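In: Predicted structure and sequence below. I'll ask about it afterward.
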Protein chains: 2
Amino acid sequence: MAKAKSKANNKPVILVTNDDGYNAPGIKALAQAVEGLGKVVVVAPDKPQSGMGHAITIGQPLRLQKVHHFGNLEAYACSGTPVDCVKLAVDKIIKGKPDLCVSGINHGANHSINVIYSGTMSAALEASIESIPSIGFSLLDYSIEADFSAAAHYAKEIVQQLLKGKSIDKHLCLNVNIPAVKKEMIKGIKVCHQAYAKYEEKFDERKDPHGRKYFWLTGEFVNFDKSKESDVWALKNNYVSVVPVQFDLTHYALKKKLEKQFK
Amino acid sequence: MAKAKSKANNKPVILVTNDDGYNAPGIKALAQAVEGLGKVVVVAPDKPQSGMGHAITIGQPLRLQKVHHFGNLEAYACSGTPVDCVKLAVDKIIKGKPDLCVSGINHGANHSINVIYSGTMSAALEASIESIPSIGFSLLDYSIEADFSAAAHYAKEIVQQLLKGKSIDKHLCLNVNIPAVKKEMIKGIKVCHQAYAKYEEKFDERKDPHGRKYFWLTGEFVNFDKSKESDVWALKNNYVSVVPVQFDLTHYALKKKLEKQFK
């Protein structure tokens, strides 16, 4: 099994995970993109886990199974959530902290509020909580046959840039989204804030063959953020968006107001 | 079904949810605590959903079932996650935005990093994303037979205080934890920041009767935060901790640094 910070050859250890499952084309593209940049270990869910957010498996045990979907790379399928994959990889596979965790490439956007629902980004955030710098990558194309070449190019470039930096913040967590256009169309990388945008949900109400109601989640995406600094703006204008993400959810501005109210 | 902002009697509409399921004593205590403060509607998971974080159900339909566990209160069990409960309540039960969403009372702590894994807090955060002010309540006692009297007292007091305020921030989301001591021991309410504390996970490795490995999540809680402003400090010193929580995860300080790096 992989050992963290393999000093023998001075190669950084890179953990690769996702939420679409080990079988998704997006994670293959990501593993290939970073393969030459370190010792790569893949630990990904054994089935699709989109929309799992920061869920962890408490009430039942987890399984790991070696898989051979990534050429010569060491790779495992995990029966749990994306966050479980990171936790298990650290404790039972790498047996230490990798130098970097990359998650994705997600089939579909994770800009704006999606960061909260996304298993891809929750895996990255979990790594960052565990003091492992991390990056989640998402392509704005839900198709199973999406073209990952531009996304993989930028994934490699961003990982290279971070690894060559003198010191990466141990809690660094980047949410990187790539527009679904040809590489030549992309104008570059833009550091952004998370757009204030959300879904106006509607549930599609149906009846089953026994006459009982059931509901399917649907919804319309609405962007309230008019700033040119937001990830949604950047992506619409063919930039790769990079949003630094944090796990301290404290609303410090509101904290000050509340201190007066609860005195 | 309930109608949002029942102007007839000018009572605020209060949505009650949780992650322990509609059958948990904690949600009964919360519903009773706020019953006199408005028109209360309960929509909670039909089974325990602890640790579900911000998971939503995408790949399968949801069910709602009327339940009669809350005296005369309108109440439903939902087959989905805590976040699904909020979404379904708004679109299909209340058919509009309630004036307030309260989540809990959770059986167990949701201070510090727990806010990210917690279904209780994710339900509250979902309400806040949907412009519904919200509060998650958690008691530092995992027991099914926990004494919720002090927690219920403070839940009522905090909800009252917010409802009488001239204007609640529509995105207000409070993470309230109550120490597991008698009411007389509690020193008061303290507005705090989320402590920098996390779990050092270890998986318990076992073999099933067929000789195959499986893993149970365990772990030790470690607090790195020495501040007297943190929720962990407040709870240890018998205060009720109140942390205002936000859904904009952008790390603005890091954003400035990265802008230079990616120029």
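Out: Received the coordinates, thanks. Numbers count the residues shown, from 1 in each chain, chains lettered A, B, ... in the order given.
In: pretty sure residue A:109 contacts residue A:177?
Out: Yes: Residue A:109 is in contact with residue A:177 according to C-beta atoms under 8 Å; the separation is 6.0 Å. (Glycine included, C-beta is placed from N, CA and C.)
In: anything in contact with each of the two?
Out: Common contacts of residue A:109 and residue A:177 (C-beta atoms under 8 Å, 6 or more residues apart in numbering or on different chains): A:138, A:140, A:235.
In: Excluding chain neighbours, what is closest to residue A:152?
Out: Closest residue to residue A:152 apart from its sequence neighbours, by C-beta to C-beta, 6 or more residues apart in numbering or on different chains: residue A:33 at 4.1 Å.
In: Would you enumerate the residues in contact with that neighbour?
Out: Here residue A:33 is in contact with A:152-153, A:155-156, A:159 (criterion: C-beta under 8 Å, 6+ apart).
In: mind redoing it with 7 Å?
Out: Applying C-beta atoms under 7 Å, 6 or more residues apart in numbering or on different chains to residue A:33 gives the contacts A:152, A:155-156.
In: low-scoring stretches of chain A, by residue?
Out: Residue ranges of chain A with pLDDT under 70: A:1-9, A:166-167.
In: quick one, strands of it?
Out: All strands of chain A, identified by DSSP state E, fall at A:13-17, A:39-45, A:64-66, A:74-78, A:100-107, A:134-139, A:173-178, A:188-191, A:197-207, A:213-223, A:239-244.
In: and the first one, which strands flank it?
Out: Counting by DSSP bridges, the strands paired with strand A:13-17 are strand A:39-45 (parallel), strand A:100-107 (parallel).
In: how about the residues of the stretch 1-150 of chain A that lie near chain B?
Out: A:50-58, A:61-63, A:87-88, A:91-92, A:113, A:115-117, A:122, A:129 (C-beta under 7 Å from any C-beta of the partner chain).
In: Can you list which of the residues you listed are found in helices?
Out: Among the residues of the stretch 1-150 of chain A next to chain B, DSSP state H puts A:87-88, A:115-117, A:122, A:129 in helices.
In: Can you mark which positions in the longest helix that chain A contains are buried?
Out: Using DSSP H to define each element, chain A has its longest helix at helix A:149-164. Residues of helix A:149-164 classed as buried by neighbour count (16 or more other C-beta atoms under 10 Å in any protein chain shown): A:150-156, A:158-159, A:162-163.
In: Would you format those residues as a markdown table with distance to residue B:80 included?
Out: What follows is the buried residues of helix A:149-164, written out as a markdown table (distance: C-beta to C-beta, whole Å):
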| residue | distance to residue B:80 |
| --- | --- |
| A:150 | 36 |
| A:151 | 31 |
| A:152 | 35 |
| A:153 | 38 |
| A:154 | 35 |
| A:155 | 33 |
| A:156 | 38 |
| A:158 | 35 |
| A:159 | 36 |
| A:162 | 37 |
| A:163 | 40 |
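In: From those, pick the one nearest residue B:262.
Out: residue A:158 (8.4 Å; C-beta to C-beta).
In: Is it correct that that closest one is in contact with residue A:134?
Out: No: taking contacts as C-beta atoms under 7 Å, residue A:158 lies outside contact range of residue A:134: 11.7 Å.
In: List the residues that contact residue A:237.
Out: Residue A:237 neighbours (C-beta under 7 Å, 6+ apart): none.
In: Am I right that residue A:241 is in contact with residue A:235?
Out: Yes: using C-beta under 7 Å, residue A:241 is in contact with residue A:235, at 5.3 Å.
In: which residues do those two both contact?
Out: A:111, A:177.
In: of the ones in helices among the residues of the stretch 1-150 of chain A next to chain B, buried ones?
Out: Burial by neighbour count, judged by 16+ other C-beta under 10 Å, picks out A:87-88, A:115-117, A:122, A:129 from these.
In: tell me, how many neighbours does the closest residue to residue A:115 other than its chain neighbours end up with?
Out: Nearest non-adjacent residue to residue A:115, counting by C-beta to C-beta, 6+ apart: residue A:121, 4.8 Å away. Neighbourhood size, residue A:121 [other C-beta atoms under 10 Å in any protein chain shown]: 32.
In: mind listing what residue A:193 touches?
Out: Applying C-beta under 7 Å, 6+ apart, we find residue A:193 in contact with A:229-230, A:243, B:250, B:255.
In: I'd like the residues you listed as a markdown table, with distance to residue B:201 and neighbour count appended.
Out: Formatted as a markdown table, these follow (distance: C-beta to C-beta, whole Å; neighbours: other C-beta atoms under 10 Å in any protein chain shown):
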| residue | distance to residue B:201 | neighbour count |
| --- | --- | --- |
| A:229 | 36 | 15 |
| A:230 | 34 | 25 |
| A:243 | 27 | 31 |
| B:250 | 27 | 21 |
| B:255 | 29 | 16 |
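In: Return the member of those nearest to residue B:67.
Out: Comparing those against residue B:67 with C-beta to C-beta places residue B:250 closest, at 39.6 Å.
In: hey, what's that closest one bridged with?
Out: The residues listed as beta-bridge partners of residue B:250 by DSSP bridges are residue A:245.
In: surely it meets residue A:243?
Out: Yes: with contacts counted by C-beta under 7 Å, residue B:250 reaches residue A:243, the gap being 5.9 Å.
In: Residue A:241 and residue A:235 - which one has more neighbours?
Out: residue A:241 (31 against 24).
In: Return the distance of the more buried one relative to residue B:99.
Out: Residue A:241 is 35 Å from residue B:99, where distance means C-beta to C-beta, to the nearest Å.
In: ok, residue A:221 - how many residues close by?
Out: So residue A:221, with other C-beta under 10 Å, has 14 neighbours.
In: Roughly how far does the closest residue to it other than its chain neighbours sit from residue B:56?
Out: Take residue A:221 and drop its neighbours on the chain: the residue closest to it by C-beta to C-beta, 6+ apart is residue A:199, 5.7 Å away. Taking C-beta to C-beta as the measure, residue A:199 falls 10 Å from residue B:56.
In: what does residue A:78 give?
Out: As judged by C-beta to C-beta, residue A:78 and residue B:56 stand 21 Å apart.
In: ok, now residue A:19?
Out: 12 Å.
In: partner residues bridging residue A:15?
Out: Counting by DSSP bridges, the residues bridging with residue A:15 are residue A:41, residue A:101.
In: for it, what are its contacts?
Out: Here residue A:15 is in contact with A:41, A:43, A:89, A:94, A:98, A:101 (criterion: C-beta under 7 Å, 6+ apart).
In: isn't residue A:24 right up against residue A:106?
Out: No: in this structure, residue A:24 is not within contact of residue A:106 by C-beta under 7 Å, at 8.6 Å.
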